[in-house]
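Trainee: fold the following, please.
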Amino acid sequence: MIRLTKRYLSIRCSLHESPVRNNECAEFEIDKWVLSKFIIKRLVPIVGIHPFPLDELLLLAAAVTKIQPTHIFEWGTNIGKSARIFFETIKSFNINTEIHSIDLPDDVSHVEHPGAKRGILVRGLKGVTLHTGDGLDTSLNLCKMVSGTKFTPLFFVDGDHSYNSVKRDLQGIITHVPNAHILVHDTFNQSEESGYNTGPYQAVCDTLSLMSGKYQIIAQGTGLPGLTLVWHRPDSVP
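Mentor: Purely as a prediction, here's the structure:
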């Protein structure tokens, strides 16, 4: 019995064990112990904890392992940390996914544009494609080129963090890709005294206010920067 128990615990802690639990049930659930070990042993040595703290690394990995997306579209590539997180997650859990990361062209000036270091953490990695252009327009054009019946897209919105741009991105995704799941970064909410930019948080609230029951909001909102998953519920009415 002791030997079997040790073997069971060993399997539970394996990096390649699926963390998805109760997939036949209605609510989002993953095994946080399995993902925690993966994050500490694999992700943190590669990407650190900035700009994504531990709880946000957990939600990023949870979204990918639970949803099992066929395609990930993200914008705001920067040096490629989020794309590398997605890459390490799909590689460790044997998920077949294409990753498309989009950033502004190199000749466009922006305070967060890394210039020559754009995408340096994912250059040359199999399954990761770097693009330049507008994040929403480029990703929607890529969606039109996807063939086959199984298309499960996951979007990661982490570009310009203004209210208007995030709302435009959310509305564009939901309108044109109604089965999409969406991650939105920098969504921490605080009162005005903080001086924080709460535009992304408000954009999520306003966009989804008339869509009750279609999506489940899963947020890491205990402090900056904040991350929200807009999970398209499988039991939602079209």
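Trainee: C-alpha from now on. contacts and neighbour counts both.
Mentor: Fine.
Trainee: residues making contact with stretch 132-141?
Mentor: 73-76, 100, 102-106, 159, 169, 172-173, 176 (CA atoms under 8 Å, 6 or more residues apart in numbering).
Trainee: confidence-wise, which of those comes last?
Mentor: Minimum pLDDT for the contacts of stretch 132-141 is recorded at residue 106 (76).
Trainee: so the residue nearest to that residue when sequence neighbours are not counted versus residue 108, what's the distance?
Mentor: Ranked by CA to CA, 6 or more residues apart in numbering and with sequence neighbours excluded, the top spatial neighbour of residue 106 is residue 115, at 6.0 Å. From residue 115 over to residue 108 the distance is 9 Å, taken as CA to CA, to the nearest Å.
Trainee: with residue 204 instead?
Mentor: Distance from residue 204 to residue 108, by CA to CA: 27 Å.
Trainee: give me the more crowded residue out of the two.
Mentor: For the pair residue 204 and residue 108, the greater number of neighbours falls to residue 204 (21 against 10), based on other CA atoms under 10 Å.
Trainee: and the more buried one, what helix or strand is that in?
Mentor: For residue 204, the host element (DSSP states H and E) is helix 199-208.
Trainee: just checking, what packs against that helix?
Mentor: Helix 199-208 makes packing contacts with helix 163-176 when contacts are defined by 3 or more CA pairs under 8 Å, 6 or more residues apart in numbering; DSSP states H and E.
Trainee: just checking, what packs against the helix it packs on?
Mentor: helix 135-144, helix 199-208.
Trainee: between helix 163-176 and the helix holding residue 204, find me the angle.
Mentor: In terms of direction (axes from the mean of the first three to the mean of the last three CA atoms, to 10 degrees), helix 199-208 departs from helix 163-176 by 40 degrees.
Trainee: buried set for helix 199-208?
Mentor: By 16 or more other CA atoms under 10 Å, the buried positions in helix 199-208 come out as 199-204, 208.
Trainee: before we move on, what about stretch 143-152?
Mentor: If you call a residue buried by 16+ other CA under 10 Å, then stretch 143-152 has these buried ones: 143, 152.
Trainee: now do the same end-to-end measure for that stretch.
Mentor: 10 Å.
Trainee: what does stretch 194-205 give?
Mentor: End-to-end distance for stretch 194-205: 19 Å, by CA to CA.
Trainee: just how off-centre is it within its chain?
Mentor: Stretch 194-205 sits 18 Å away from the centroid of its parent chain (CA atoms, centre = their mean, to the nearest Å).
Trainee: state whether residue 64 is indeed within a helix.
Mentor: Yes. Using DSSP: H, G, I helix; E, B strand; the rest coil, the assignment for residue 64 is a helix.
Trainee: tell me how many other residues surround it.
Mentor: Using other CA under 10 Å, the number of residues around residue 64 comes to 21.
Trainee: kindly report the same for the one 3 residues further on.
Mentor: The tally of other residues near residue 67 (other CA under 10 Å) stands at 16.
Trainee: again with residue 170
Mentor: Residue 170: 22 surrounding residues under other CA under 10 Å.
Trainee: for the chain, what spans make up the helices?
Mentor: 2-12, 32-38, 44-47, 54-67, 81-92, 135-144, 163-176, 199-208 (DSSP state H).
Trainee: dump the helices and strands packed on helix 163-176 into CSV; add distance to residue 35 and mean pLDDT as well.
Mentor: As requested, these are arranged in CSV below (distance: least, CA to CA, whole Å; pLDDT from 0 to 100):
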stretch, distance to residue 35, mean pLDDT
helix 135-144, 28, 96
helix 199-208, 26, 95
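Trainee: residue 62 is nearest to which of those helices?
Mentor: Taking CA to CA, helix 199-208 is the member of these nearest to residue 62, at 19.8 Å.
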